[in-house]
Structure formats: structure tokens, C-alpha cells
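1. task: produce atomic coordinates for the following.
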Amino acid sequence: MDLNFNKNEDHNKLLLSQLKQNFSKVKLGGGEKRIQKLHAEGKMTARERIDYLLDPKAKSIEIGAFVGEGMYAAYGGCPSGGVVVKIGYIRGKQCIVVANDATVKAGAWFPITAKKNLRAQEIAMENKLPIIYLVDSAGVFLPLQDEIFPDKEHFGRIFRNNAQMSSMGITQISAIMGSCVAGGAYLPIMSDEAIIVEGTGSIFLAGSYLVKAAIGESIDNETLGGATTHCEISGVTDYKATDDKDALDKIKNIVDKIGDFNKAGYSRIAPAKPALDETELYGVLPKARNEQYDMMEIINRLVDNSEFEAYKDGYGQTIITGYARIDGWAVGIVANQRKVVKTKKGEMQFGGVIYSDSADKATRFIANCNQKKIPLVFVQDVTGFMVGSKSEQGGIIKDGAKMVNAVSNSVVPKFTVIVGNSYGAGNYAMCGKAYDPRLIFAWPSAELAVMGGTQAAKVLAQIEASSLKAKGEKVDEAKEAELFAKIKARYDEQVSPYYAASRLWTDAIIDPLDTRTWISMGIEAANHAPIEKQFNLGVIQV
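-> Numbering: from 1, shown residues only. This is a model prediction of the structure:
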């Protein structure tokens, strides 16, 4: 390996080490003291509950681990959005599990908590995947109630989704393992079956203090809405559990009896490892985001046997398209080529930029995958569409619109991996979050923004300098450099993959070596939901 490879490897492994350190902090939720307090109450933490529920040694993936990162500092933060979400296996059946983290503000719902819960439900609805709720929440975080209560994508949408999933035949099981108050009481009871833990689980529209204030009745919470009340008197819940493990065992037994599902029928054969060493991914991906490299070096370390059947290999070379298998699943790959390429006309095209011919090729390939019922995998390292008079006169807007149209109307499941840059309209054309990928995840090297930090900072610094000059202030080179550095620092924070993950623009930041697992489990989930629509591009300008 050359020196450059070693430098890249050191850099990317350092990013990975930082990812692991950040995740170890997030896993503590509200902190060691609150975990100890929970244990003293005879309760397990959200992560302990999920680990006990999921099949041991089976693979699982976590959605939104870094949600809320750097947000709500005035309220002490909200690690993981106060809720843990994982896709895994219960008695061999793939499920998604949503567990309130009672160590974070007693499991109270922040605005980002609602967004994360809605994302979990969206995954369940798109893939017709059974969903398990482990409920332990004090309800809406009142200081931010105006940001979580009344809108379409707020708290109430969760109950609407409960009802929608029920009509779709998607299994929903809830375990009431702690407090379950007010509007939050509807979530478990709108599930198919509800389990309540004796002594620690409670469910009511208003707690004992509010009941006393509202109607003058004096009553304790256990009598008001505990396990005995709801299992033997009201009939609100279906099963009484003695403790957390008993409740989780009951869920396992219920899931074990669920019948098989209608399959979408995506092609899968026996999985095979890449022929090339996967660990070399760390050295292949450049340290600097503006460096050129051959994206095929990435692809060949992700696909089975390192086998890739290129589509239109010599045409539109700044986008790679072709067929492969990942963990046995057939996939169509659309990836940004990051090296400078030379066309047959002798023209040079910049890597990572989408030109008219590459957009045209991608559109045709996406249509082919839809016709053949092949899931699509988008590998993003894109700076945007080509600009300039030649591109405009060549119809770059039209060709870009065709590609966006194809991505938007695609009916096969789509998965997006951001390995590097994800800038501007390139993010859209390469199936960014707005285009409904079943899963979208980033490597620690990813950057998401309208444009790169240096370019954006230069533009913004020039605008600010002009504004200061217009006010009669003196702006010399030192002042311009100061403005640039200040804006660049702010912009760099916003292009960080953690900034995107905290706001659920991506589902996760992952170790590059976990990419195959994410795609494989994602396609397995999608296989639960047969395609019900026909692929139709609608009206486009050819």
C-alpha cells in the first residue's frame, strides 16, 4: 500500500474511533446515576429491554442513535431523542422495536422524540414490519409543548399511524413498563395487544394529582391505572406481567405465533463476501473531501465476490450504474464516480459532478431496475450538477429533472449510503432523505450541505464584507480572513454527519464495514411489502 493509502486509513479510522466514543456516551442516556435509580426501582433500561427482547447473536441495526445530539442544551439535552429504536429479530422474525428511555427526563417527549417515533412508524408502514413499543414515558415535555402538540408531524400523528397500521394488518404490540400518561396512553391501547407490568406500569388520562385538582377525588396511581385495574376491572390491557423480563417474554411468545408474510420476491441467492478486503475501505476513501478517487474501489469492497455488471460503462461516466449482489440480494447500484474522466470527444469531466449524459444514464438505469424488480442502492459522493453556459445550453436542468423524476417515482425499495459529499441538488438526484429511501445512512466521512464549506464560506464572507463596506467600514485582508474563518467554522459544524444525524436527515452514522448489513437487513425488511404500484415517470421532457 502507498503512503497516501496509509494516510487515508489513519484519518478514517480516527473518525471511526470518534464515532465509537460518541456512541458510548449516547448509550448512557441520562447518565449512570439515573440508570442506577431505574435499576433500584426494579426496572431495566431501554437498551437492556431491547437487548433482552431481540434474539441473541442475531444482527440488528439502530435507527437514530445520534438524534438530538447538540440540541436542547438549555434543558440538559436529549440523548438519542429519549427513545431507542432498533430493527432486529424476535424468535427469528424481523421486527422494529421502539423503547422510551426513562433515564432522559423520565422518558418525556421532546419535538425530536416525536420525529424519531414517526420515523420508526414510517419504516414499519413502508415495509409492513411488526412494531413493538416498550412504553415508559412521562408524556409531552411541557416547556416545548408548542413544538410537539398540534401539527401534522407532531405527537398526534403517532396515534393516527397506529390506526393506519392496524387497518394495514401490521402487527403492533405494546408493553407498558412505566408511566403512560394523557395522550401517550393512546399509543399502547391502539396497538393490537397490550401488556402491563405489575407495580411499575401505569396508564391513565390524568394522574392522581390532576384528578384531585380536577374533580376532588383522592386516589393513588396504582389504584387509578395500575396492572390490576386495567387487567381485571377496565379490560384496557390484555396481559399482566410480574416484571420487565416477564413482559418481554410474553412479547416473544406472541411474536413467535405470527404467521408468515406475503413476500415482494426480491432475488436472493447464497451470500458471499467481497473478493477484495473490506477493511481496505478505510484507505481507499480520501482524507480530503475534494480529492479524486475511483468509486469502483469502494463498490468492489461492498458487493458479493467483488462482481459488478456495469450498465452503459462508457457513457455518462461521472455516474456508475450496474448490477451486483449484496449479502446475496440482487441490487442496482447508482454511484457518483469521483475521478476525473475523459469522454470519447476528448472532453474532461470532473468527478463527483453530475453531467447531462450521466443523469440520462441514471434515469434509464433506474427505470430498468423498476421493470426488473431490483432494489436500488445509491452511493453518494456528489458535489452537484455541472454548471456553466455549455451545460445550460445542453439542457442540464432538463436531464437533471428527468433523473429526479425517476428517483421520485421509483417503486422498488431505495437505500442511500453517503460516503462523502452530499451537496445541493446532487443530494436530491441521488435519493436524499426527501426522496423516501427505505434507509439512509452515512459514513463518518460524510458531509451534507447546499455546497462545500470552503465555497459557501467564501460566498458568505464576500457578501458580509460588501455589506460592511456599504456601511462605510474598512475591510482589509485581515478582516476578510477573519470573516471567512468565522463563517467557515460555523458552516463546518453544520455539514458534519452528526449535525445531520441529530436531526434525522440520516438514520445513522455507521462503520463502513457495517454497510452490507444495513443494506441486507433493509432489503429483507422491504421484502415484507409487495409492490402495489406501477412505475410511471409521468410527464417528462425527453
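2. need the three-state assignment for the residue nearest to Ile333 when sequence neighbours are not counted.
-> Among residues not flanking Ile333 along the chain, Val377 sits closest, at 5.0 Å (Cβ to Cβ, 6 or more residues apart in numbering). No exception for glycine: its C-beta is placed from N, CA and C like everyone else's. Secondary structure, DSSP: H, G, I helix; E, B strand; the rest coil: Val377 is strand.
3. tell me the bridge partners for Val377.
-> Beta-bridge partners recorded for Val377 (DSSP bridges): Ile333, Phe415.
4. next, count neighbours for it.
-> Val377: 28 surrounding residues under other Cβ atoms under 10 Å.
5. surely it is in contact with Ile519?
-> Yes. Using Cβ atoms under 8 Å, Val377 is in contact with Ile519, at 6.0 Å.
6. between the two, what contacts are shared?
-> Ile326, Val331, Phe415, Val417 (Cβ atoms under 8 Å, 6 or more residues apart in numbering).
7. count the residues that sit near the second one.
-> Think Val331. For Val331, the count of nearby residues is 27 (other Cβ under 10 Å).
8. ok, now which ones touch it?
-> With Cβ under 8 Å, 6+ apart, Val331 has these contacts: Val303, Tyr323, Ala324, Arg325, Ile374, Pro375, Leu376, Val377, Ile519, Ile523.
9. tell me which of those fall in strands.
-> With strands identified by DSSP state E, the entries of these that belong to them are Tyr323, Ala324, Arg325, Leu376, Val377.
10. identify the farthest-apart pair in the residues you listed.
-> Arg325 and Leu376 (13.7 Å; Cβ to Cβ).
11. where does pLDDT dip in the protein?
-> 1, 183, 451-453, 456, 540-542 (pLDDT under 70).
12. going by length in residues, pull out the top helix of it.
-> helix 3-26 (DSSP state H).
13. now do the buried residues in the very next helix or strand once past that one.
-> Next helix or strand after helix 3-26 toward the C-terminus (DSSP states H and E): helix 32-40. Neighbour counts over helix 32-40 (16 or more other Cβ atoms under 10 Å) mark Arg34, Ile35, Leu38 as buried.
14. how about the nearest residue to the first one, chain neighbours excluded?
-> For Arg34, the nearest residue in space outside its immediate sequence neighbours is Thr103; the separation is 3.8 Å by Cβ to Cβ, 6+ apart.
15. tell me the contacts of the one you found?
-> Counted by Cβ under 8 Å, 6+ apart, Thr103 has contacts Leu28, Gly29, Gly30, Gly31, Arg34, Ile35, Lys37, Leu38, Thr45, Ala46.
16. swap in Gly64?
-> With Cβ under 8 Å, 6+ apart, Gly64 has these contacts: Ser80, Gly81, Val85, Lys116, Arg119, Ala501, Leu504, Asp507, Ala508.
17. would you mind giving these as CSV with neighbour count added?
-> Shown next, in CSV, are the contacts of Gly64 (neighbours: other Cβ atoms under 10 Å):
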residue, neighbour count
Ser80, 28
Gly81, 29
Val85, 25
Lys116, 25
Arg119, 18
Ala501, 24
Leu504, 21
Asp507, 28
Ala508, 20
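18. in strands, which of the residues you listed fall?
-> Per DSSP E, the contacts of Gly64 map to strands at Val85, Ala508.
19. re earlier: just the shared contacts of Val377 and Ile519 now: which is nearest Cys95?
-> When the shared contacts of Val377 and Ile519 are compared against Cys95 (criterion: Cβ to Cβ), the nearest one is Phe415, at 19.2 Å.
20. would you agree that closest one is in contact with Leu376?
-> Yes. Counting by Cβ under 8 Å, Leu376 is a contact partner of Phe415 at 7.1 Å.
21. mind listing what's buried in the helix or strand where Ala362 lies?
-> Using DSSP H and E, Ala362 sits in helix 356-372. For helix 356-372, burial by neighbour count (16+ other Cβ under 10 Å) applies to 356-366, 369-370.
22. try stretch 343-360
-> Gln349, Gly351, Gly352, Val353, Ile354, Tyr355, Ser356, Asp357, Ser358, Ala359, Asp360.
23. Ala310: which of the shared contacts of Val377 and Ile519 is nearest?
-> Of the shared contacts of Val377 and Ile519, the one sitting nearest to Ala310 (Cβ to Cβ) turns out to be Val331, at 13.7 Å.
24. ok but the closest one is inside a strand, no?
-> Yes. Under three-state DSSP, Val331 falls within a strand.
25. need the contact list for the residue nearest to it when sequence neighbours are not counted.
-> Once flanking residues are discounted, Val331 sits nearest to Val377: 4.9 Å by Cβ to Cβ, 6+ apart. Residues in contact with Val377 (Cβ under 8 Å, 6+ apart) are Ile326, Val331, Gly332, Ile333, Val334, Lys414, Phe415, Thr416, Val417, Ile519.
26. ok, for the last one, nearest residue in space, not its chain neighbours?
-> Spelled out, it's Ile519. Ile326 (5.0 Å).
27. quick one: the one you found from Ile269, how far?
-> 11 Å (Cβ to Cβ, to the nearest Å).
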